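Student: Test case, fold it:
(2 chains)
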Amino acid sequence: MAADLLKDNYVYWMEASKGQDADIVISSRVRLARNLAQFPFPHLLNAEEGERFIQLFKTAWQKISPAAMPGMTLLMFDQLSSLDRQILVEKHLISPGHARNNSDYNGVLVNEDGSLAIMINEEDHLRIQCFLPGLQLEESLDRAQKVDDLLEGELSLAFDERRGYLTACPTNAGTGMRASVMLHLPAFVISGQLNFLFQNISQLGMTVRGLYGEGTEVVGNLFQISNQITLGQTEEDIRSKLTSITMQIVEQERAMRQKIKADMVYQLEDKVGRAYGILTNARVMTSNEAMNLLSDLRLGIDLGIIKDIDVFALNELLVAIRPAHLQRKAGTEMEAFARDIKRAGVIKEKLIRQAQD
Amino acid sequence: MYCEECNKRPAAVHFTQILNGQKKETHLCEKCAAQKGAVIFNLDGQMGIPNLLGSFFGSHYIQGGNTNSPETECPSCGMKLVDIRQTGKLGCADCYNAFDQYLEPILRRIHGNNQHIGKVPAREGEIVLLKRKIEELKEQLHQAVVSEEYEKAAEIRDSIKELEKQNE
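Tutor: Next up is the predicted model:
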């Protein structure tokens, strides 16, 4: 139930064991931007149009559901607290920009495990998103396309023969598709190969972003790579290109990890061991410190230096240590320092319980 | 590698442009790149998409070649070209038509392309799907003629005629 997505840490993309190459590829996402022909784009919607849009969308969705799109819950932002909306951002189900707008025609239609989320009136009327663990762009695209087909059966979408699906921003026109992968690349960082990677990626029409998308910083050696071009290529082209680029990066990252392990085993084990020591003993921890130490720990697990901790637990921590999730768990609003204390506690508890299980 | 422009200094700025599927690589030294006004996008997020778009819109706006004036208005939503430049967003689906001349070079610059070849919605794009099918059959027809399979060619010609009738 979507209520659990607001309460618990869990979201489907955390299930590393269900994805391919999940030691490096944390998650895959495909997003399709769609607009309705008869309404202005969301930033120009007035209250009356917004209301009509929502009614139209609800009718369409009820016709489709429940057989084809099971377990979907509609969360309207005027019914959600800002903490609830922040929880959805931290799970990557909605964008930070979307969460800031609590107008009564903004919302998200989300399924039980959070693998499917349709943002309503973000930059475009509808943004269909599918999130899966590991490298699974094909499956993500497939699922998003199915939802798109169902919605298109009920709603008149803005489409033009030359420009494809029409979007509020021309950077999304054409397919309206953004495919992205979240990668953990500590060896690229350690070996100073990052700039080389970035240059190559931008030449291939892809772009690198931080953890929460556009304009967000890179923390914990996590990088989001996505396609920049949406017009003049097919969905399949975009998907296969990003998949093959990702596979190449994965291969290089693995090779560099092995090289680091072979050449600098003491430094590596020291780094990982210290990370584990601090994570299981600290009383106060900022988000950045935690993200960086968790990255070291993840590397240690992937290279077999640390045992008895599974990647699922680490993925869960990526979300559990964010401000909104900490406050939800504490059941109260907290200042930065109080959150740092809570964060240290949450990490310690999780890692120690893992070691005991 | 030396700068392609001055051939004196080492090339420090490399960029690849893809225009209609044609890849063009340029290698310049910093000085020549600055003179040529090459746009270098940094990746660290200092330049967000609206900013970037603002500059896309803005730079083209200064150059000639489009008849849309800054006061040109979309007949459906009332967005003006100046508003689009400012927000980096169009107002509605009809803006794509209203500002077509203006958007053409911008789309090319963003995507290196201006023609959608991806998915077509079954209902809204019925005519497009039909046209694509006809194009595909014409290609097959050509192949059949080239390989002298005249019987097959005749069959394909008939199906094209059939589809073209539907299209009218």
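Student: and the closest residue to residue A:164 other than its chain neighbours, what pLDDT?
Tutor: Residue nearest to residue A:164 in three dimensions, not counting chain neighbours: residue B:116, with 3.1 Å by C-beta to C-beta, 6 or more residues apart in numbering or on different chains. Glycine gets a C-beta too; all of them are placed from N, C-alpha and C. Looking at residue B:116, its pLDDT reads 94.
Student: Assign a three-state SS to residue A:249, would you?
Tutor: Classification of residue A:249 using DSSP: H, G, I helix; E, B strand; the rest coil returns helix.
Student: Point out where chain B drops to low pLDDT.
Tutor: B:15-24, B:34-68, B:168 (pLDDT under 70).
Student: Run through the helices of the stretch 251-357 of chain A in chain order.
Tutor: Ranges of helices in the stretch 251-357 of chain A, per DSSP state H, counting those that start in this stretch, are A:265-281, A:287-302, A:311-320, A:323-330, A:336-356.
Student: Other residues contacting the longest one?
Tutor: So that's helix A:336-356. A:276, A:279-287, A:290, A:294, A:308-310, A:313, A:316-317, A:320-321, A:323, A:326-327, A:329-330, A:334 (C-beta atoms under 8 Å, 6 or more residues apart in numbering or on different chains).
Student: which among the residues you listed are in contact with chain B?
Tutor: The subset of the contacts of helix A:336-356 within reach of chain B, by C-beta under 8 Å from any C-beta of the partner chain, is empty.
Student: Tell me the spacing between residue A:22 and residue A:253.
Tutor: Distance of residue A:22 to residue A:253, given as C-beta to C-beta, to the nearest Å: 13 Å.
Student: mind checking which helix or strand the closest residue to chain B within the stretch 201-350 of chain A is in?
Tutor: Nearest to chain B, among the residues of the stretch 201-350 of chain A, is residue A:232, at 2.6 Å (C-beta to the nearest C-beta). For residue A:232, there is no host helix or strand (DSSP states H and E).
Student: what's the spacing between it and residue B:105?
Tutor: 14 Å.
Student: More neighbours: the two, which one.
Tutor: The neighbour count for residue A:232 versus residue B:105, taken as other C-beta atoms under 10 Å in any protein chain shown, is higher for residue A:232 (22 against 16).
Student: tell me which element the residue of chain B found nearest chain A is part of?
Tutor: Across chain B, no residue is closer to chain A than residue B:113, which sits at 2.6 Å (C-beta to the nearest C-beta). Counting by DSSP H and E, no helix or strand carries residue B:113.
Student: Ok, residue A:75 next?
Tutor: Per DSSP H and E: residue A:75 is located in strand A:73-76.
Student: Likewise for residue A:207?
Tutor: According to DSSP H and E, residue A:207 maps onto strand A:206-209.
Student: rewinding a little: what about burial for the contacts of helix A:336-356, which qualify?
Tutor: With burial judged by 16 or more other C-beta atoms under 10 Å in any protein chain shown, the buried subset of these is A:276, A:279-280, A:282, A:285, A:287, A:290, A:294, A:309, A:313, A:316-317, A:320-321, A:323, A:326-327, A:334.
Student: want to throw the helices of the stretch 251-357 of chain A into TSV with mean pLDDT and distance to residue B:146?
Tutor: As requested, these are exported to TSV (pLDDT from 0 to 100; distance: least, C-beta to C-beta, whole Å):
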stretch	mean pLDDT	distance to residue B:146
helix A:265-281	97	62
helix A:287-302	96	54
helix A:311-320	96	55
helix A:323-330	96	64
helix A:336-356	94	66
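Student: Of all those, which one is nearest residue B:124?
Tutor: Nearest to residue B:124 among the helices of the stretch 251-357 of chain A is helix A:311-320; the distance by C-beta to C-beta comes to 37.7 Å.
Student: so what does the closest one touch, helix or strand wise?
Tutor: On a contact count with 3 or more C-beta pairs under 8 Å, 6 or more residues apart in numbering or on different chains; DSSP states H and E, helix A:311-320 meets helix A:287-302, helix A:323-330, helix A:336-356.
Student: ok now that helix, how far from the chain's centre?
Tutor: Relative to the mean C-alpha coordinate of its chain, helix A:311-320 is positioned 13 Å out (C-alpha atoms, centre = their mean, to the nearest Å).
Student: Is it possible to get JSON lines of the helices of the stretch 251-357 of chain A that adds distance to residue B:90?
Tutor: Formatted as JSON lines, the helices of the stretch 251-357 of chain A follow (distance: least, C-beta to C-beta, whole Å):
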{"stretch": "helix A:265-281", "distance to residue B:90": "47"}
{"stretch": "helix A:287-302", "distance to residue B:90": "37"}
{"stretch": "helix A:311-320", "distance to residue B:90": "35"}
{"stretch": "helix A:323-330", "distance to residue B:90": "33"}
{"stretch": "helix A:336-356", "distance to residue B:90": "39"}
